[in-house]
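Engineer: Sequence first, then the predicted structure, then my questions.
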Amino acid sequence: MQLTERHVIDRADPRFAVIDEAAFKSKNLYNAALYLIRQTYIFEGKYLNYNEVQRRMKAHEAYKALPAKVSQQILMQLDRNWKSFFEALKAYNEDPSKFLGRPKLPRYKDKMDGRNILIYTIQALSGGRGKGALQQGLIKPSGLAITVKTQQTYVDQVRIVPRNGFYVVEVSAPRHADKDRPRRGQQLGKRCWLPHLTSEGNQWRKAA
């Protein structure tokens with residue numbers, strides 16, 4: 001079971017511009033790696049898996065524009081998107097009637113307006129005490145000159161998800177942090193947390 005704490009960063013927040021720049025760089029890497037995979041798949045008929053793409057992209061300027069651990073997560077995300085495409089394509093070939101049309105290749109993100117997710121594993125969070133522990137309840141993503149306050153003492157990873165005009169910082173706490181979770185409806189500062197059932201188990205989300 002995971003606990004997920006969410007923070008909204010809107011345009012009025014001074015951290016927005018810093019995050020937005022990094023999300024733009026994330027988009028650049030996503031598109032550059034996607035181009036490599038698409039061209040190989042279309043013209044050579046073979047798929048480049050994560051390990052091969054990571055090897056080829058390590059010297060690319062888009063890869064080096066972000067911390068290595070973050071760039072690796074972007075390439076893993078892209079690999080998952082391609083695997084989902086192949087699964088959908090297999091299902092389509094078995095029974096096309098279940099689909100409105102043939103599944104399409106993963107698409108590029110808009111060159112100017114596109115943004116992509118940023119994922120920071122514990123190895124990409126500075127200021128920790130080791131094994132996912134944080135100091136003074138502050139999250140410090142590697143390469144970003146920002147901090148995010150959290151109620152969690154331990155974290156597994158932090159995801160910064162682009163939305164329409166704002167970003168959502170998702171702090172995932174490990175299973176053993178469950179003993180410190182808030183009771184149903186309990187107020188934590190300005191945040192209210194409610195249990196949220198997902199495919200990964202119970203999570204905590206901010207009440208609407």
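Structural biologist: Alright, I've got the coordinates.
Engineer: Check the separation of the first and last residues in stretch 59-75.
Structural biologist: 14 Å (C-alpha to C-alpha, to the nearest Å).
Engineer: Buried residues in that stretch, which are they?
Structural biologist: Going by neighbour count (16 or more other C-beta atoms under 10 Å), the buried part of stretch 59-75 is 62-63, 65-67, 69-75. For every residue, glycine as well, the C-beta is placed using N, CA and C.
Engineer: okay if I get those residues as a markdown table plus pLDDT?
Structural biologist: Converted to a markdown table, these look like this (pLDDT from 0 to 100):
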| residue | pLDDT |
| --- | --- |
| 62 | 98 |
| 63 | 98 |
| 65 | 98 |
| 66 | 98 |
| 67 | 96 |
| 69 | 96 |
| 70 | 98 |
| 71 | 98 |
| 72 | 98 |
| 73 | 98 |
| 74 | 98 |
| 75 | 98 |
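Engineer: ok, now how distant is the residue lying farthest from the centre of the chain from residue 103?
Structural biologist: Taking C-alpha atoms, centre = their mean, the residue of the chain most remote from its mean C-alpha position is residue 97, at 32.8 Å. Plainly put, residue 97 is 14 Å away from residue 103 if you go by C-beta to C-beta, to the nearest Å.
Engineer: before we move on, what about residue 81?
Structural biologist: For residue 81 relative to residue 103 (C-beta to C-beta), the value is 12 Å.
Engineer: Can you check which helix is longest in the protein?
Structural biologist: Longest helix in the chain, counting residues (DSSP state H): helix 15-44.
Engineer: Between helix 15-44 and the following helix or strand past that helix, find me the angle.
Structural biologist: Downstream of helix 15-44, the next assigned helix or strand under DSSP states H and E is helix 50-57. Angle between the axes of helix 50-57 and helix 15-44 is 100 degrees (criterion: axes from the mean of the first three to the mean of the last three C-alpha atoms, to 10 degrees).
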